[in-house]
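Enquirer: Pasting the sequence and the predicted coordinates here, then a few questions.
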Amino acid sequence: MSTFEERKAGFLAIELDDEGYGNIASAVLAAESAGFHVATFKDTPDAGRVNALQRAAFAGPVTRTIAVVPEVDTVYTEPFHVSTQLASLDYVSGGRAGWIATAAESPEAAAAVGRSFVQGEALAQEAAASIEVSRRLWDSWEDDAVIRDVATGRYIDVDKLHYADFETPADFAGPAYSVKGPSIIPRPLQGQLPVLAVASLVGEGLVPVEAVDAVLVTAPTPELLAAEIRDVRARLGSSVAIVAELDVVLDARGQTAAARSGAAGETGQARFVGSAAGLTDLLDSLLREADGVRIHPATLDVELEELSRLVLPELRRRGSLRAPIQDGTFRNVLGLAPAENRYSTTAAATVAAGK
């Protein structure tokens with residue numbers, strides 16, 4: 001991606017977790033109309049609720065510019081299925097999909113799928129393995145593998161499909177597994193979907209920095225957030241985008257933010273409580289440090305109304321927020337170059353060497 005020094009304006013993401021399946025279309029369209037670049041979907045295990053990836057898949061076809069990025073677990077899900085489902089999401093969204101790879105301690109999830117409970121350092125191992133499987137499978141079809149050759153009766157060029165050949169490392173804490181491949185779905189429109197993870201999951205001895213494209217950074221208070229962003233950037237380098245996490249409660253509809261904040265549950269991350277003008281100043285300063293900010297609104301329709309009317313227009317006027325990218329991809333939002341295919345590059349090098 002482009003380095004921090006080259007970035008002139010940042011992007012904004014908004015979490016749509018409060019919205020159920022029935023009104024997700026109106027919510028994501030409102031966020032897109034307001035000028036948000038990314039809509040994210042938290043994977044909360046509420047009874048009777050479809051998962052985050054399904055909600056994102058519903059939102060993808062009804063939108064045109066906003067990226068749709070669900071949380072998908074890496075511990076208690078099958079990596080092969082995660083890879084193909086995310087590839088499908090990239091197709092239905094027109095190349096605007098991403099993946100927030102999560103790895104949380106969850107005895108309930110372990111019991112639901114009948115496997116051992118994973119905790120501690122093993123979580124990062126599970127996440128790293130799942131991400132690597134997906135990346136290999138996304139590359140297992142070259143971009144021009146589908147040829148639809150009527151004369152010869154061939155739909156695909158089998159020489160442009162490749163085995164993933166993944167095996168968990170010898171020191172893998174969980175049950176060992178392997179994935180042969182290739183995928184059952186052609187390469188995603190973006191080639192490689194951008195992968196995000198919380199910053200605490202990434203680094204030496206954890207998920208490798210090169211495995212992710214962006215990290216999510218939080219702090220206990222807004223005042224500490226800028227310093228935490230600088231610390232993470234110093235630790236991980238400039239090859240990954242930094243996205244700050246911020247809970248938001250605004251003065252709205254005749255009520256002060258302080259009065260409204262009592263109803264908002266504690267999340268443990270930085271929370272802004274105040275006016276739209278105060279939030280604008282805070283976001284302006286954060287976007288000087290981070291590549292983007294993900295806003296977690298206390299009440300989506302209430303906060304979104306104030307954000308679209310007062311905050312985003314002023315940030316664009318100040319030049320700290322870029323305009324939405326028409327007909328773009330999520331990789332474009334993050335400033336990522338086109339994704340090379342590891343297998344086609346290898347194949348080309350082999351041919352060139354006469355082997």
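Expert: The structure has been received and is ready for your questions. The model shown is predicted, which means the values in this text are computed figures rather than measured ones.
Enquirer: would you list every one of the strands in the stretch 251-355 of the chain?
Expert: Using DSSP state E, counting those that start in this stretch, the strands of the stretch 251-355 of the chain run over 271-274, 292-297.
Enquirer: Output the below-cut-off pLDDT ranges for this structure.
Expert: 1-7, 18-22, 47, 263-265, 345-355 (pLDDT under 70).
Enquirer: hang on, the earlier thing: packed most tightly, which of the strands of the stretch 251-355 of the chain would that be?
Expert: strand 292-297 (a mean of 24; mean count of other C-beta atoms under 10 Å). Just so you know, the C-beta spots here come from the backbone N, C-alpha and C atoms, and that holds for glycine as well.
Enquirer: strands paired with that one, and their directions?
Expert: Sheet pairing here is set by DSSP bridges, and for strand 292-297 it gives strand 11-15 (parallel), strand 241-250 (parallel).
Enquirer: got TSV for those strands, with distance to Ile24 and mean neighbour count too?
Expert: Output for these, formatted as TSV (distance: least, C-beta to C-beta, whole Å; neighbours: other C-beta atoms under 10 Å):
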stretch	distance to Ile24	mean neighbour count
strand 11-15	13	25
strand 241-250	20	26
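Enquirer: how about the ones you listed in CSV, adding distance to Gly181?
Expert: Formatted as CSV, the strands paired with strand 292-297 follow (distance: least, C-beta to C-beta, whole Å):
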stretch, distance to Gly181
strand 11-15, 31
strand 241-250, 28
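Enquirer: Tell me which of those strands lies nearest to Arg318.
Expert: With distances scored as C-beta to C-beta, the stretch of these nearest to Arg318 is strand 11-15 (13.2 Å).
Enquirer: Could you identify the helix or strand that succeeds the closest one?
Expert: helix 24-34 (DSSP states H and E).
Enquirer: Let's verify the closest residue to Pro208 other than its chain neighbours: helix, strand, or coil?
Expert: Sequence neighbours aside, Ala128 is the residue nearest to Pro208 in space, at 6.4 Å (criterion: C-beta to C-beta, 6 or more residues apart in numbering). Classification of Ala128 using DSSP: H, G, I helix; E, B strand; the rest coil returns helix.
Enquirer: Now do the contacts for Ala128.
Expert: Going by C-beta atoms under 8 Å, 6 or more residues apart in numbering, Ala128 touches 206-208, 211.
Enquirer: ok, of the residues you listed, which one's closest to Asp90?
Expert: Proximity to Asp90 was ranked across the contacts of Ala128 by C-beta to C-beta; first place goes to Ala211, at 18.1 Å.
Enquirer: For the stretch 201-350 of the chain, just list every one of the helices.
Expert: Remark: helices assigned in the stretch 201-350 of the chain by DSSP state H, counting those that start in this stretch are 222-236, 257-261, 276-286, 300-306, 312-318, 330-334, 342-352.
Enquirer: Output those in JSON lines; the columns should cover distance to Asp251 and mean neighbour count.
Expert: Putting the helices of the stretch 201-350 of the chain into JSON lines (distance: least, C-beta to C-beta, whole Å; neighbours: other C-beta under 10 Å) gives the following:
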{"stretch": "helix 222-236", "distance to Asp251": "16", "mean neighbour count": "17"}
{"stretch": "helix 257-261", "distance to Asp251": "5", "mean neighbour count": "16"}
{"stretch": "helix 276-286", "distance to Asp251": "7", "mean neighbour count": "19"}
{"stretch": "helix 300-306", "distance to Asp251": "8", "mean neighbour count": "19"}
{"stretch": "helix 312-318", "distance to Asp251": "15", "mean neighbour count": "16"}
{"stretch": "helix 330-334", "distance to Asp251": "30", "mean neighbour count": "23"}
{"stretch": "helix 342-352", "distance to Asp251": "51", "mean neighbour count": "13"}
